[in-house]
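Novice: Here you go, sequence then predicted model.
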Amino acid sequence: MFELTVTTHFAAAHQLKMVAHKCENLHGHNWKVEVCVAGSELDHAGLLIDFGELKRHVATVIDGLDHRFLNELEYFKNGNPSSEHIAVYIADQLTGMLKETRAKISRVKVWESENSCATYIPDAQGQPL
Ligand SMILES: Nc1nc2c(c(=O)[nH]1)N=C([C@H](O)[C@H](O)COP(=O)(O)OP(=O)(O)OP(=O)(O)O)CN2
Ligand SMILES: [Zn+2]
């Protein structure tokens, strides 16, 4: 089994509905995102997937989050844009984009600050928000 990781960042605003918690106030983060894909078969060039192709897909998904107010996105209308839910969102979007490749999402890590990170590890079926 091989696992590849690409890392990126985005800046966005959110509010978390948590009773009497400071995170209910509008605020923002510079999130760091690590996307890992895994698979056991390589192509003729010895690649699971070209890093460049993987980075292009990740950039497409992250462009949809960057400089947004995340609560206004359709996907988060029924759930807080927590780091956990953001990780699921990124994994769901990428799963569709990678369907025709050898690479499957193995984990998505979303860092909200230097010290706080949520990791989503999809099961075989994936998991809806
Ligand atoms: N499991 C999660 N817990 C929290 C999340 C989250 O996404 N998943 N998010 C938040 C808020 O986004 C909040 O902005 C961050 O809260 P917190 O770490 O408590 O606050 P600070 O960054 O200011 O850190 P301090 O340690 O308080 O300085 C909350 N929880
Ligand atoms: Zn926050």
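Specialist: Arrived safely, thanks for sending. Ligands and ions are numbered 1, 2, ... in the order given.

Novice: mind listing the strands for the protein?
Specialist: 2-14, 27-39, 104-111, 117-120 (DSSP state E).

Novice: Same list (those strands) but as a markdown table, adding mean neighbour count, mean pLDDT and distance to ligand 1.
Specialist: C-betas here are computed from N, CA, C, even on glycine. What follows is the strands of the chain, written out as a markdown table (neighbours: other CB atoms under 10 Å; pLDDT from 0 to 100; distance: least, CB to the nearest ligand atom, whole Å):
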| stretch | mean neighbour count | mean pLDDT | distance to ligand 1 |
| --- | --- | --- | --- |
| strand 2-14 | 16 | 98 | 7 |
| strand 27-39 | 18 | 98 | 6 |
| strand 104-111 | 20 | 98 | 8 |
| strand 117-120 | 16 | 98 | 6 |
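
Novice: Just put those in a markdown table and tack on distance to G96.
Specialist: Formatted as a markdown table, these follow (distance: least, CB to CB, whole Å):
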| stretch | distance to G96 |
| --- | --- |
| strand 2-14 | 17 |
| strand 27-39 | 13 |
| strand 104-111 | 10 |
| strand 117-120 | 16 |
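
Novice: do you know which of these lies nearest V88?
Specialist: Comparison of the strands of the chain against V88 by CB to CB identifies strand 117-120 as nearest, at 5.2 Å.

Novice: residues in contact with that closest one?
Specialist: Applying CB atoms under 8 Å, 6 or more residues apart in numbering, the contact partners of strand 117-120 are 82-84, 86-88, 91, 107-112.

Novice: Among these, find me the one that's closest to L70.
Specialist: Looking across the contacts of strand 117-120 and measuring by CB to CB, the closest to L70 is I86, at 7.3 Å.

Novice: my guess is the closest one meets Q93, correct?
Specialist: No: when contacts are counted by CB atoms under 8 Å, I86 is not listed as touching Q93 (10.9 Å).

Novice: And the two? Which one has more around it.
Specialist: Neighbour totals were compared for I86 and Q93, and I86 leads with 26 against 19 (other CB atoms under 10 Å).

Novice: beta partners for the closest residue in space to that one that isn't next to it in sequence?
Specialist: The shortest distance from I86 to any non-neighbouring residue, by CB to CB, 6 or more residues apart in numbering, is to V110 (5.1 Å). V110 forms beta bridges with V33, A118, as assigned by DSSP bridges.
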